[in-house]
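# Okay, here's the prediction I keep looking at, along with the sequence it came from:
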Amino acid sequence: VRTHSLYLSLPTHTLTSTATSSSALLFHPHRRPPRRSHPPTAHLSPPSLHHHNPMTPPPPILHSRSTPIFLLLALLIPAAASIDIASVLSPYPDFSSFTALLSSTPSLTNEIAHRSSITLLAVPNAYFSSSVDVTRRLSPTALADLLRYHILLQFFSWSDLRRVPPAGLLVTTLYQTTGRAPSNFGSVNVTRNPATNAVSIHSPAAYSPSNATVLSLVKTIPYNLTIVSVNSLLVPYGFDLMASETRPPLGLNITKALIDGHNFFVAASMLSASGVVEEFEADEGGAGITLFVPTDAAFADLPGTVSLQSLPAEKKAVVLKFHVLHSYYPLGSLESIVNPVQPTLATEDMGAGRYTLNISRVNGSVAINSGIVQASVTQTVFDQNPVAIFGVSNVLLPKEIFGKNPISMGSKPGKSAEPPRASLSPEKSPDTEAQPSHLSSPPGIREDIKSAAGGGGGGGGLRILLSSLPPSCTVLLYLLV
């Protein structure tokens, strides 16, 4: 009985020696157990104790006391943490200029934090000084794209780089995922010289002047991140370093473009009253802008639980900026966008990772998801580089302001909004009839228009708006007030 108790309580790795010594005791020539005429009952005695061969190992134990230890160790293993690239590079003062450049683009560092299995090509200070003037001229979006070109979406250990075939490897960079790189020029060729074992990185475009040589290994976090130093800043093929400095702004009057679109009178009045339209027009230079403007019907479909008029002025401005991307995307680029999560102008004001839009293709249309509301692109209002304006079927409400629960609109999310029925023109109607009920002002619009008329500046924003409207639309806005 004592042997049986000991046998069942010891861990697996001690069973062999215990069983051997137990067998030697049981089968001692002077202590042989009496023979039985029937086999032992399995539940009364351990298996094979009475007919056990001393040379046969004991049967396996299904459970042992070491099992909880393995479970505890598994629980103690931390989950993969996000990458704080600035913190990883901070112990290396030779890369301070490159690190500062990364830190100046919070949208990019946020992208890196949510990536794994990447290789960063970092430029040391000694090789970076010649590129400082170039990077200072770039707009924030162009600078972020230039740095994205230095992030390979493949993990290369130092030994992996030394095994690159002489013919080279085509590797995708983070810049390729933006959809702004023509063809595959957002990728790089990684090649190795078999004679010198030197690893070079250059554009896949023939005769591209931009190339760099790998100098040394800086840091490796196995299977997650490798940082290697290179002797030059890489420039993607076709990337215009002088664009933000020399290209004149388009000078588009966004409010007038919306009024000419006929379905966006409410949005035009809100933009004019808020003052953010001037900021949008100032961003027409550089990388350009893309606006997703809700139709009048989209505002009319807002549920009663959504109260725009209760928002302070700064939050109304954030909601409007939430509808704008700080980059020019024609419709074709939106349809083929690789990186679905896009920062907005509100992201730049409120911090990385917040106020982002998810852009995808659903049922043949471009769908835009705010996290609680989904809208679809219903029409192209204006498209000329560097400005694109698209009509969307719903007002994009940020979850950071309106909560995380999905909001049901008057129409199904993603359903194309019907254009509002316009009133008869004066020459076709002797008198002005009441406007259709579905064109009545949604929550907050009357207050926005009144504040534009009675606020500081003498209502200059509203006067600009009214001066651009046809007579019938002026009557419409008058009735809204």
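Yep, it's here.
# Show me the shaky parts of the stretch 151-300 of the chain.
240-250, 285-287 (pLDDT under 70).
# In it, what residue spans correspond to strands?
Using DSSP state E, counting those that start in this stretch, the strands found in the stretch 151-300 of the chain span residues 151-152, 169-172, 187-192, 199-202, 211-221, 225-230, 289-294.
# Show me how the record splits this protein into domains.
2-76, 85-244, 254-480 (automatic domain parsing).
# quick one on the thing from earlier: highest average neighbour count across the strands of the stretch 151-300 of the chain?
Ranked by mean neighbour count, the strands of the stretch 151-300 of the chain are led by strand 289-294 with a mean of 26 (mean count of other C-beta atoms under 10 Å). Backbone N, C-alpha and C define where each C-beta goes, glycine included.
# Enumerate the sheet neighbours of that one, specifying parallel or antiparallel for every one.
According to DSSP bridges, strand 289-294 forms sheet pairs with strand 324-325 (antiparallel), strand 387-392 (parallel).
# Same list (the ones you listed) but as TSV, adding mean neighbour count, distance to Ala273 and mean pLDDT.
Below are the strands paired with strand 289-294 laid out as TSV (neighbours: other C-beta atoms under 10 Å; distance: least, C-beta to C-beta, whole Å; pLDDT from 0 to 100):
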stretch	mean neighbour count	distance to Ala273	mean pLDDT
strand 324-325	22	17	92
strand 387-392	24	18	93
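# Switch those strands over to TSV; also include distance to Thr226.
As requested, the strands paired with strand 289-294 are exported to TSV (distance: least, C-beta to C-beta, whole Å):
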stretch	distance to Thr226
strand 324-325	31
strand 387-392	37
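# Out of those, flag the one nearest Ile221.
Comparing these against Ile221 with C-beta to C-beta, the closest turns out to be strand 324-325 (31.9 Å).
# Next, the residues that contact that closest one from outside, please.
Residues from elsewhere that reach strand 324-325 (C-beta atoms under 8 Å, 6 or more residues apart in numbering): Phe280, Ile289, Thr290, Leu291, Phe292, Gln342, Pro343, Thr344, Leu345, Leu357.
# what do you get if the cut-off is 6 Å, keeping everything else the same?
Ile289, Thr290, Leu291, Gln342, Thr344, Leu345 (C-beta atoms under 6 Å, 6 or more residues apart in numbering).
# same question, stretch 356-366
By C-beta under 6 Å, 6+ apart, stretch 356-366 touches 334-335, 337, 340-344, 347, 367-369, 376-377.
# And the helices in the stretch 301-450 of the chain?
Residue ranges of the helices in the stretch 301-450 of the chain, as given by DSSP state H, counting those that start in this stretch, are 313-321, 331-335, 345-350, 399-402, 445-454.
# so for the first one, what's the average pLDDT?
Over the span of helix 313-321, the pLDDT mean works out to 92.
# and it, which residues are buried?
Lys316, Ala317, Val318, Val319, Leu320, Lys321 (16 or more other C-beta atoms under 10 Å).
# hmm, who's touching that helix?
Ser274, Val276, Leu345, Ala346.
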